[in-house]
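Below are the sequence and a predicted model for it; my questions follow.
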Amino acid sequence: MTDIIPLKDYLTEPAVTPQAGKVGLLAGAGRFPMVFAETARQCGLKVYGMGVMGMADENLADLCDYYQPFPLAKIGQSIRWFKRQKIENVVMAGKIEKTVLFQPQRFWRLMPDWRAIHMWLNYARENKKDDTLLLAVIREYARDNIHFASALDYCPELLVKHGFLSRRKPNSSQWKDICFGWEMAKELGRLDIGQTVVVYDTAVIAVEAIEGTDQAILRAGELCKRGGFTVVKVAKPQQDNRFDVPTIGVQTLRSMHEAGGRVLAIESGQTIIIDEPDVIELADKLGIAIVALNAEEVQLRVAC
């Protein structure tokens, strides 16, 4: 078994042939893992789920054919479980809360096993960016011939289509904020800091870092008491669809309503929308405008 696998082999998505009849699921926080499990089973697949303890929803166990919780830093434990189930392809879904890495006495809190230590020392020493850490997980699993596929290979219908999702549409000043925020969000993504920027009157109010989209939105509400701001969420220019695909859902709108946000702009064909009918219904109820657009449309609006 090769100890070190070159990073260049993992910077682009490999062609993964779905394993007949089954798929592994490595689940973090949020509804996305639950939606994926439901969709995969509707497609006739058996779902073998491993949920990160303290992050994955407890109800996920009911949606998987086989389920096992595991501590975040027990990489070896999760690999052995998938191997016992003869799982070759795994999907990563849900948010991994990186804040646990910055708690006091993190080593003793996490108690990493030897595979996690190997992963850390060989693949994640340079920095702790999201791409670095998640690619390190992929490389460690690959040492045991377990490969990660994109959830979108199994449920591409989750990607949002181009156009207006809500009845309400952005006004001219909000379109200006969308175009301004798009450029800022793309740069934020290029630097692998986050995917979301909150803008008001062409000023950046808040940016997403390790706290996640909802907390960034709520912080914007504290900083922009008058409300009316625009939230722009896009894919990274170097987006790897095996992990960290931009995702919105009902909770995104609830956070916006609480904080005073009025417009949500997302990237069409690159953003996952969870429970789309519920999202649209809530947006119309709360008077929030949602628009899915692409880079070409942004450039056209800037040119005009």
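Yes, it's here.

any idea how far the residue nearest the centre of the chain is from Thr132?
In the chain, the residue lying closest to the centroid (CA atoms, centre = their mean) is Asp244, at 3.4 Å. In this view, Asp244 and Thr132 are 12 Å apart by CB to CB, to the nearest Å. (Each C-beta comes from the backbone N, C-alpha and C, glycine too.)

same thing with Ala295?
Counting by CB to CB, the gap from Ala295 to Thr132 is 25 Å.

again, but for Gln239
The value you get for Gln239 to Thr132, if CB to CB is used, is 15 Å.

swap in Glu38?
Taken as CB to CB, the span from Glu38 to Thr132 is 31 Å.

do Asn241 as well
17 Å.

do the same with Asp113
In terms of CB to CB, Asp113 sits 20 Å off from Thr132.

Check Thr271 too.
Taking CB to CB, one finds Thr271 at 23 Å from Thr132.

what's the answer for Tyr48, then?
In terms of CB to CB, Tyr48 sits 27 Å off from Thr132.

How about Glu222?
In terms of CB to CB, Glu222 sits 30 Å off from Thr132.

Between these two, point out the one with more neighbours.
Shown here are Glu222 and Thr132; by other CB atoms under 10 Å, Thr132 has more neighbours (15 against 11).

which residue sits closest to that one, ignoring its sequence neighbours?
The shortest distance from Thr132 to any non-neighbouring residue, by CB to CB, 6 or more residues apart in numbering, is to Ala124 (5.7 Å).

The strand or helix carrying Met92 - what's its average pLDDT?
Taking DSSP states H and E as the definition, one finds Met92 inside strand 89-93. The average pLDDT for strand 89-93 rounds to 96.

Could you do stretch 29-45 as well?
94.

Next, please give the residue ranges for the helices of the stretch 1-150 of the chain.
32-42, 75-84, 106-110, 114-123, 130-142 (DSSP state H, counting those that start in this stretch).

Can you report how many residues lie near the closest residue in space to the residue nearest to the centre of the chain that isn't next to it in sequence?
Leaving out its chain neighbours, the residue that sits closest to Asp244 by CB to CB, 6+ apart is Asp130, at 5.6 Å. Using other CB under 10 Å, Asp130 is surrounded by 18 other residues.
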